[in-house]
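Student: Here is my input, please return the structure:
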Amino acid sequence: MKIYFIGICGTATGNVAILMKKLGHEVLGSDRGMYEPMKSALANAGVAAREGWEPDRIGDFSPDLVVVGNAVSRMNPELEYVLARPEFAYTSLPALVGERLIGRRPSLVVSGTHGKTTTTAIAAFLLKGAGANPGWLIGGIPADLPEGGSNLGDPSSPFVIEGDEYDSAFFDKRSKFIHYRPRVLVVNNLEFDHADIFRDLFDVKRTFTHVRRIVSPLGAIVENGDDENIASLEPTPWVRRLKVGFGGGCDVRISGFVQSGESSSFRLSGFGVEKCVEWPLAGEFNARNAAMAIVGASLAGGFANPLAVPADCLANFRGVRRRQEVLLASAQVVAVEDFGHHPTAIALTVESLRKKYPQFKIWACFEPRSNTAKRNVMQDRFARALASADRAFIGSADVSKVAPELRVDTSAMADLDPSKIRAFESNPALLESLESAVRAETAAGGKVLCAFFSNGSFDGIHRRFAEDFKRI
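Tutor: Next up, the predicted model:
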């Protein structure tokens, strides 16, 4: 089959294009710009990718199927070319994944507002450690899976996939995870997010209700037993449900969490089994991610006991890039990059970093990059989360595509706690102020950890900061 991808350089789209190439399909794609690391990943896999939109390219290629990326909308020249010609079949990326990659394989779908990427990577890592050859599709770069963010695996083994609640395409507003045919569904947590497509928390609950309705009766739902929003969802008597959490009413209970420097440990108990996990990741939220992954991987892997999958390998699990990724570690300055783009995630990460680096002041740098962060709907919550750090620096927000009455006001965010928070009109201005403040702090003998929170590029200031302070 000849497959053409419009918008091929996205993390998910590029990884799927690579997998389709490995399946023997002829693949070609395009994007507005070709950026690393996906540019090299596509080239190394032998996937042809072209920069810029050229409708005639599609005609010359004559694809059997056109895959429309999530970021592609009407007025895109290549999309308009396809829509004007009924001989071209087109589909969304999630639909392609469900039909061509998952198909009849038992799927482990990891959903939730936070922790999807890390939990998906842990589950794939656990299944590999147990001797399986799973397929996976992860929205990040795992440090411990040499195959990268995507893998075909054995057709008889589970397929582990990050199940996003965001919409599938401009013509299919259903959440992506609806297409993934879950045998086992993990629901890490549930909060309001994606303010550009969901009206409110009830709207988010509705889409999670829908995906729970299609879980196979041969599978299970593994859910956060401490989350009130998940608890409020409708019952699912047609499928097994297992609660995982710190609370006493959970089927699998997390206890004894201890963080010691840069590592942590905890216990899991349930179904007649007790496990002790010691690993390099910090924070109770990561302990929960691991617990959810252990139960999900056990069930998807065909183990009779939900805690059966061996977890000793987690001692060597280093995580996923851009999730508390250390860019610089010196005696006085530490720089960390994190994908956190929701108030809850930012607050939890700040708390975790305090425990991990008790001798350091925690300074948070935040780029309002996500569609939710660019809006004022959670403006005060973002400010409070940032104020949990010792100081906070807010970068610029591109709100040009947001209605004026809905735009985030970063100055108002800073005004909520002016002793801690400063807002800047540009990211370079933020970097200049931050570096000056760090030099003053370290000259006085202080130690500073700068955490850069963004789901975008932050104009590269986090990497420039790390480079500038390597000598300290």
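
Student: tell me the helices in this protein, going along the chain?
Tutor: Taking DSSP state H as the criterion, the chain carries its helices at 11-22, 38-44, 55-61, 77-83, 93-96, 116-129, 201-213, 228-231, 284-300, 343-356, 379-386, 410-415, 427-443, 461-468.

Student: Okay, domains of the chain per the record?
Tutor: Per automatic domain parsing, the structural domains of the chain span 2-88, 96-316, 325-468.

Student: Using a markdown table, lay out those together with mean neighbour count and mean pLDDT.
Tutor: (C-beta placed from N, C-alpha, C; glycine too.) As requested, the domains of the chain are exported to a markdown table (neighbours: other C-beta atoms under 10 Å; pLDDT from 0 to 100):
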| stretch | mean neighbour count | mean pLDDT |
| --- | --- | --- |
| domain 2-88 | 18 | 94 |
| domain 96-316 | 20 | 94 |
| domain 325-468 | 19 | 91 |
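
Student: nearest spatial neighbour of the spatially most central residue of the chain, skipping sequence neighbours?
Tutor: Nearest to the mean C-alpha position of the chain, by C-alpha atoms, centre = their mean, lies Thr117 at 4.1 Å. Ranked by C-beta to C-beta, 6 or more residues apart in numbering and with sequence neighbours excluded, the top spatial neighbour of Thr117 is Gly140, at 4.3 Å.

Student: Kindly report the same for Phe465.
Tutor: That would be Ala335: by C-beta to C-beta, 6+ apart, it lies 5.7 Å from Phe465.

Student: How about Thr113?
Tutor: That would be Glu191: by C-beta to C-beta, 6+ apart, it lies 4.4 Å from Thr113.

Student: For Leu233, see how far away the one you found is.
Tutor: 13 Å (C-beta to C-beta, to the nearest Å).

Student: closest one to Arg183 among the helices of the chain?
Tutor: helix 284-300 (6.3 Å; C-beta to C-beta).

Student: Now do that closest one and helix 343-356, the angle between them.
Tutor: Angle of helix 284-300 versus helix 343-356, following axes from the mean of the first three to the mean of the last three C-alpha atoms, to 10 degrees, is 110 degrees.

Student: need the contact list for the residue nearest to Thr113.
Tutor: 113-114, 201, 204, 229, 342, 344 (C-beta atoms under 8 Å, 6 or more residues apart in numbering).

Student: Please name the nearest non-neighbouring residue to Arg381.
Tutor: Pro343 (4.0 Å).

Student: ignore the last one, Ser426
Tutor: That would be Ser396: by C-beta to C-beta, 6+ apart, it lies 5.2 Å from Ser426.

Student: Could you report the distance from that neighbour to Phe382?
Tutor: 14 Å.

Student: And Val222, by the same measure?
Tutor: 30 Å.

Student: Go ahead and confirm Phe271 touches Val244.
Tutor: No - here Phe271 lies out of contact with Val244, judged by C-beta atoms under 8 Å, at a distance of 11.5 Å.

Student: so what sits against both of those two?
Tutor: Common neighbours of Phe271 and Val244 (C-beta under 8 Å, 6+ apart) are 251-252.

Student: so the residue nearest to Phe465 makes contact with His462?
Tutor: Yes - counting by C-beta under 8 Å, His462 is a contact partner of Ala335 at 6.5 Å.

Student: which residues do those two both contact?
Tutor: 327, 452.

Student: Would you mind measuring from Arg199 to Thr207?
Tutor: 11 Å.

Student: go on, Arg74?
Tutor: In terms of C-beta to C-beta, Arg74 sits 23 Å off from Thr207.

Student: likewise Leu19?
Tutor: 26 Å.
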